[in-house]
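In: Below are the sequence and a predicted model for it; my questions follow.
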Amino acid sequence: MSRGRLLCALFALALALPATAAQSIEGVVIRVSDGDTLWVAPDGAHRRPVKLRLAGIDAPERCQADGEEARGALAAHVLQRRVEVQVRGRDGFGRLVARVVADGEDVNAWIVARGHAWSPGWKHQQGPYARQEREARAARRGLFAAADPVEPWRFRRVHGSCR
């Protein structure tokens, strides 16, 4: 997906936020697919696990430089932990897009602050975790230790998604 299409999709998602923002799920993280995608087993009998994308961030693809590091960092931080999922909407792949909170901590902000993801903005607006990204860049944490890390949206434009 091109950056323009991704930004259009994010903008469309932002327009849909009021309709879905109130939904909240509590459960346990049972799987981490990559640095911005995980699975949560909701509380309650007979509820199926849900796949979700962390809102406001974009982590490297698994097959991209720093992709496995991002996935590993997120897994080490949240796997088998209880979380609150604050749903913001759905993406084009049917995943819930959400803010995830573990013990009062915003996991989305945490992964960006550790230098394992970007917080892309829209047009002239900064991303929701722009401060954490600036601090990670200044400290050269994680993927920002590289001289010129490749943003995931640019990587996908050239290589596509990892399969």
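Out: Done, it's in.
In: so how far does stretch 148-161 reach from one end to the other?
Out: By C-alpha to C-alpha, to the nearest Å, the extent of stretch 148-161 from end to end equals 20 Å.
In: actually stretch 101-120, not the one I wrote
Out: 20 Å.
In: Which positions in it come out as buried?
Out: 101, 106-120 (16 or more other C-beta atoms under 10 Å). The way it works is simple: take the backbone N, C-alpha and C, and place the C-beta from them, glycine included.
In: Now go through those and say which are in helices.
Out: With helices defined by DSSP state H, the entries of the buried residues of stretch 101-120 inside them are 107-113.
In: low pLDDT regions in the protein?
Out: Regions of the chain meeting the criterion pLDDT under 70 cover residues 1-22.
In: any idea where the helices of it begin and end?
Out: Taking DSSP H as the criterion, the chain carries its helices at 3-20, 67-78, 107-113, 130-139, 152-159.
In: Next, the buried residues of the fourth one.
Out: Counting neighbours by 16+ other C-beta under 10 Å, one finds that the buried residues in helix 130-139 are 130, 132-133, 136-137.
In: Dump the residues you listed into CSV; add distance to residue 63 as well.
Out: As requested, the buried residues of helix 130-139 are exported to CSV (distance: C-beta to C-beta, whole Å):
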residue, distance to residue 63
130, 27
132, 25
133, 22
136, 22
137, 23
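In: pull the longest strand from the protein.
Out: Looking across the chain with DSSP state E, the single longest strand is strand 24-34.
In: which residues are in contact with it?
Out: 38-43, 47, 49-51, 59-62, 67, 70-71, 74-75, 78-87, 98, 162 (C-beta atoms under 8 Å, 6 or more residues apart in numbering).
In: Buried among those? Need that as a selection in ChimeraX.
Out: Here is the ChimeraX command that selects the buried residues among these (16+ other C-beta under 10 Å):
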select :38,39,40,50,59,60,61,62,67,70,71,74,75,78,83,84,85,86,87,98
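In: What separation do you get for the residue sitting furthest away from the middle of the chain and residue 81?
Out: Computed with C-alpha atoms, centre = their mean, the maximum C-alpha offset from the centroid of the chain is found at residue 45, amounting to 27.3 Å. As judged by C-beta to C-beta, to the nearest Å, residue 45 and residue 81 stand 21 Å apart.
In: Alright, calling it a day.
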